[in-house]
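Novice: compute the structure for the input listed below.
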Amino acid sequence: MAASPALRELQRELESEANALSKIQKDISKNHQVRKQYTIQMGENELVLKELELLKEDANVYKLIGPVLVKQDLAEAKANVKKRIEYISAELKRLDGILRDFENKQNSKKESVCLPPFSNHFFSLMMIKLLRSFDLSICSSPLLNV
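Specialist: Residues are numbered from 1 along each chain as shown. From the prediction side, this is the model:
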């Protein structure tokens, strides 16, 4: 039995929404990866700052530039590390904002993909069959468990 044009159109719309949802999920995953890298860098820089705080004012501090160790003033080294920590903190806040936006978009897409407005029971069952043909494991709708 051939699908009606309305059903084919609905299927295309649903595929489009599902693809958009998949893209948002990939963006969220990338955001998490970048955030993880910044979090690691933050920990490393905080550790370096703690170590620098333990040094006496007349201690020799060296900075690795390429293959060469260059002598650096302790106060300058501390200032550089503090600036890096400030920058990383700002980046983490920015990434958190972007993540919130992605999660809001994801939630609205989930609602539009997973909970379409069904006008009658027969149409609902048809839509559920159609939804099951996609990989929509992210949908937590009890309707899909029919």
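Novice: tell me which stretches of this structure form helices.
Specialist: 5-54, 74-114, 121-132 (DSSP state H).
Novice: can I get those helices in CSV including distance to Leu64?
Specialist: (Each C-beta comes from the backbone N, C-alpha and C, glycine too.) Listed next are the helices of the chain as CSV, based on distance: least, Cβ to Cβ, whole Å:
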stretch, distance to Leu64
helix 5-54, 12
helix 74-114, 12
helix 121-132, 56
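Novice: and the ones you listed as TSV, adding mean neighbour count?
Specialist: Listed next are these as TSV, based on neighbours: other Cβ atoms under 10 Å:
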stretch	mean neighbour count
helix 5-54	14
helix 74-114	15
helix 121-132	14
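Novice: TSV for the ones you listed, including mean pLDDT and distance to Asn60?
Specialist: Formatted as TSV, the helices of the chain follow (pLDDT from 0 to 100; distance: least, Cβ to Cβ, whole Å):
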stretch	mean pLDDT	distance to Asn60
helix 5-54	91	12
helix 74-114	92	9
helix 121-132	60	66
